[in-house]
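S.K.: with the sequence up front, the predicted model follows.
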Amino acid sequence: MVFRPVGLESWGIYLPKERHTSEYISIQTGIPKDIIEKKFGLKSKTIPGVEDHTVAMGAKASFQALERANITANDLDLIIWAGEVYAERPMMTYGIKLQQLLGNPRRSWAFDINQRCGTFLVGMLLAKSLIQTNPNIKRVLVASGYRNSDLINYKNQRSRFMISLAASGVAAIIRADYKTNEILGISAISDGRFADDVYVPAGGTIEPISAEAIEQDLTYLDVPDPEGLKERLDKYSMDSFVKVIDDALEQSGYRQEDIDYLALLHMKRSAFEYVAKAVGVDPYKQATYLENIGHNGQNDGIISLEYGIKNGKIKDGDIVVLTAAGIGWAWNAGVIKWG
């Protein structure tokens with residue numbers, strides 16, 4: 001069976017103007033400023049302004065993507081919300097909320113997906129698969145908003161590896177029968193052994209929201225056993241990055257030596273350098289370290305793509321690999337033949 005080619009027609013990003021600097025984070029956490037900058041790889045991070053709600057930021061990025069493609073929301077057949085579940089209000093369908101913010105185009109329908117920081121690549125995979133199996137779907141908007149910066153308690157030493165969580169919006173328009181920026185293989189791994197290692201303690205059915213929970217700071221992300229998580233996860237995570245990258249490349253007919261640009265998520269500097277070098281990529285010439293905006297979850301790949309193009313690191317004919325990893329735990333990679 002011959003599948004229709006599917007390409008990235010356009011994309012958009014929205015970054016709030018507000019920032020928490022390394023100096024501010026140092027004061028709040030008690031971690032020395034030079035450690036935050038050198039080890040955590042964080043000079044500043046984006047934080048949301050008053051109107052920067054999760055879906056609202058995804059909408060701003062979506063309008064940018066539509067403008068770049070010179071189309072309107074009425075040209076979309078499907079909207080996939082690949083952003084966070086921490087958003088405007090609990091129990092909303094955020095894809096449908098995004099549909100509303102885009103002017104409620106009646107031709108399209110919408111749904112939500114979730115895999116934490118891996119969600120956007122899963123959204124791209126679903127968009128491609130639906131286009132290739134349904135002739136009525138020609139354009140899909142995959143959009144995300146992220147402000148999990150709100151869920152970080154700087155005083156909690158157990159969750160200190162997440163102090164880089166930030167805020168932004170991204171969007172991508174995936175188009176059928178489109179060989180420009182062709183989306184090739186996308187790979188994913190998830191491992192349930194880590195499912196209970198990072199979560200917000202209160203707010204679910206196990207521990208509902210209460211005054212006591214709020215007073216005890218149980219509405220922020222927490223890590224019950226940080227040392228145990230680190231011991232079990234570190235090497236496994238690095239190996240999993242390499243595995244999903246290799247799997248996505250193999251699906252696409254390429255190898256590590258073919259990678260021209262690696263869109264890595266923000267992580268501590270040593271891990272960033274390790275993954276890049278493990279697949280034969282120069283971490284600073286063939287990738288972008290997001291030390292000035294922090295970790296924006298599933299948005300990092302598209303943001304890195306934007307910086308890669310603006311800084312001349314991505315050219316026509318390049319093989320671009322997007323990566324992701326999310327708590328739970330999941331690892332993802334996708335390949336785009338650029339131009």
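M.R.: That came through, no problem. Owing to the predicted nature of the structure, the values given are computational and were not obtained by experimental measurement. Numbering: from 1, shown residues only.
S.K.: tell me which residue lies nearest the centroid of this protein.
M.R.: Ranked by distance to the mean C-alpha position of the chain (Cα atoms, centre = their mean), the top residue is Gln298 at 1.1 Å.
S.K.: how about the contacts made by it?
M.R.: Contacts were defined as Cβ atoms under 8 Å, 6 or more residues apart in numbering; by that measure Gln298 touches 82-84, 115-121, 144, 146, 324, 326. All C-beta atoms are positioned from the backbone trio N, CA, C, and that covers glycine.
S.K.: ok, of these, which one's closest to Ser187?
M.R.: When the contacts of Gln298 are compared for distance to Ser187 (Cβ to Cβ), Leu121 comes out closest, at 8.8 Å.
S.K.: the closest one touches Ala324, doesn't it?
M.R.: Yes - using Cβ atoms under 8 Å as the test, Leu121 is close enough to Ala324 to be in contact (5.3 Å).
S.K.: which residues do those two both contact?
M.R.: Once Cβ under 8 Å, 6+ apart is applied, the residues that Leu121 and Ala324 both contact turn out to be 298, 301, 332-333.
S.K.: now, the contacts of Gln298 that are in strands?
M.R.: If you go by DSSP state E, the contacts of Gln298 have 144, 146, 324, 326 in strands.
S.K.: could I get these as TSV with pLDDT?
M.R.: Putting the ones in strands among the contacts of Gln298 into TSV (pLDDT from 0 to 100) gives the following:
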residue	pLDDT
Ser144	99
Tyr146	98
Ala324	98
Gly326	95
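S.K.: filter those residues down to the buried ones and hand me the PyMOL line.
M.R.: Listed next is the PyMOL selection for buried residues among these, using 16 or more other Cβ atoms under 10 Å:
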select buried, resi 144+146+324+326
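S.K.: just to revisit the earlier point, and the pLDDT for the residue nearest to the residue nearest to the centre of the chain when sequence neighbours are not counted?
M.R.: Leaving out its chain neighbours, the residue that sits closest to Gln298 by Cβ to Cβ, 6 or more residues apart in numbering is Phe120, at 4.0 Å. Predicted confidence (pLDDT) at Phe120: the value is 98.
S.K.: one more: the one 5 residues further on?
M.R.: Looking at Leu125, its pLDDT stands at 98.
S.K.: for the helix or strand hosting it, which positions count as buried?
M.R.: Secondary structure from DSSP states H and E places Leu125 in helix 119-133. Buried residues in helix 119-133, counted by 16+ other Cβ under 10 Å: 119-128, 130-132.
S.K.: before we move on, what about stretch 153-162?
M.R.: Taking 16+ other Cβ under 10 Å as the basis for neighbour counts, the residues of stretch 153-162 that come out buried are 153-154, 156, 158-160, 162.
S.K.: beta partners for the closest residue to Leu78 other than its chain neighbours?
M.R.: Residue nearest to Leu78 in three dimensions, not counting chain neighbours: Val140, with 4.5 Å by Cβ to Cβ, 6+ apart. In this structure, Val140 has beta-bridge partners Leu78, Ile174, where bridges are defined by DSSP bridges.
S.K.: Val140: what's it in contact with?
M.R.: Residues near Val140 by Cβ under 8 Å, 6+ apart: 76-80, 127, 130-131, 173-174.
S.K.: how close does it get to Ile113?
M.R.: From Val140 across to Ile113, the span is 12 Å (Cβ to Cβ, to the nearest Å).
S.K.: quick check: Leu102 touching Ala73?
M.R.: Yes - counting by Cβ under 8 Å, Leu102 does reach Ala73; the two are 4.0 Å apart.
S.K.: what is in contact with those two at once?
M.R.: Any residue near both Leu102 and Ala73 by Cβ under 8 Å, 6+ apart counts here, and that gives 62, 66.
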